[in-house]
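Engineer: fold the following and give me the result.
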Amino acid sequence: MNVLKIRSASLVVAAAVLAPFPTMADAVPGKPAAKDTARDGQHDFDFEIGRWKTTVSRLQRPLTGSTSWVELEGTTVVRKLLDGRANVAELDIAGASGRIQGVSLRLYEAGSRQWSLNFASLAAGTLSPPTIGHFSNGRGEFYGNETLDGKPVAVRFVIACATADECRFEQAFSADGGKSWELNWVATDTRIKE
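Structural biologist: Next up is the predicted model:
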């Protein structure tokens, strides 16, 4: 192999490694990327570090026309990693419908100034596809793609805090590429004072 081919191959590999995370526009067709490139969002999740009482309402069968919701309660514990450029949230909630235990790994990518949210339930034992996004004016919006019952769905995850001690997390699915959304998960976290 000649030197020119080796250099070309090296550039392709370097470009692939250095490419930023997908943007919101990549995650939802027709949805423009709306990131705030003027600010560094590496500490956007610092507000959440600590222990929270978590109350969840979960739609039992999303995108089926179901209106049956279940209630779960428990805790979320969030720990900072790598000086705030990553964090891990441990969720442990239960109700009449059963128990959900899981972990969310959030990673900040400085080049794109966006976060990826990566969730794994202990029952499944694998990470779900990430949602990608950022915070603007105190509100976080993250978009991605998953499958539900073997069919592709778009995912929107929104984080908004009424106060420093109470936050709301909403997840919605779309079966039509982001034209319409069905809410399927609402969590309210209230800080547990130590």
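
Engineer: how about the strands in this protein?
Structural biologist: Under the criterion DSSP state E, the chain contains strands at 50-59, 69-81, 86-95, 98-109, 114-121, 131-136, 139-148, 151-163, 166-174, 182-191.

Engineer: OK, contacts around Glu166?
Structural biologist: For Glu166, the contact set (C-beta atoms under 8 Å, 6 or more residues apart in numbering) comprises Thr188, Asp189, Thr190, Arg191. C-betas here are computed from N, CA, C, even on glycine.

Engineer: hmm, Ala175 and Pro62 touching each other?
Structural biologist: No. Counting by C-beta atoms under 8 Å, Pro62 stays clear of Ala175, with 9.3 Å between them.

Engineer: show me the residue at the heart of the protein, geometrically.
Structural biologist: Leu117 (3.3 Å; C-alpha atoms, centre = their mean).

Engineer: mind checking how far it is from Leu59?
Structural biologist: Per C-beta to C-beta, to the nearest Å, Leu117 is found 19 Å from Leu59.

Engineer: now do Val103
Structural biologist: Val103 is 22 Å from Leu59, by C-beta to C-beta.

Engineer: between Pro62 and Ala175, which is the more surrounded one?
Structural biologist: Pro62 (19 against 16; other C-beta atoms under 10 Å).

Engineer: would you list the phi and psi of the more buried one?
Structural biologist: Per-residue torsions, Pro62: phi -60, psi 150 (degrees, to the nearest 10).

Engineer: look up the closest residue to it, ignoring the ones flanking it.
Structural biologist: Nearest residue to Pro62, sequence neighbours excluded (C-beta to C-beta, 6 or more residues apart in numbering): Asn184, at 4.1 Å.

Engineer: need the contact list for the one you found.
Structural biologist: Contact analysis of Asn184 by C-beta under 8 Å, 6+ apart lists Arg58, Leu59, Pro62, Gln171, Ala172, Phe173.

Engineer: what's around the first one, how many residues?
Structural biologist: Think Arg58. Residues near Arg58, counting by other C-beta under 10 Å, number 19.

Engineer: what does the pLDDT read for it?
Structural biologist: You'll see Arg58 listed with a pLDDT of 98.

Engineer: shaky segments in the protein?
Structural biologist: 1-38 (pLDDT under 70).

Engineer: now with 50?
Structural biologist: 1-33, 35-36 (pLDDT under 50).

Engineer: could I get the buried residue list for stretch 152-165?
Structural biologist: For stretch 152-165, a neighbour-count test (16 or more other C-beta atoms under 10 Å) marks Val153, Ala154, Val155, Arg156, Phe157, Val158, Ile159, Cys161 as buried.

Engineer: looking at those residues, spot the one nearest Phe45.
Structural biologist: Ranked by distance to Phe45 (C-beta to C-beta), the buried residues of stretch 152-165 are led by Ile159 at 8.9 Å.

Engineer: ok, what's across the strand from the closest one?
Structural biologist: Beta-bridge partners for Ile159, by DSSP bridges, are Gly140, Phe169.

Engineer: likewise the one 4 residues further on?
Structural biologist: With DSSP bridges applied, Thr163 shows beta-bridge pairing to Glu166.
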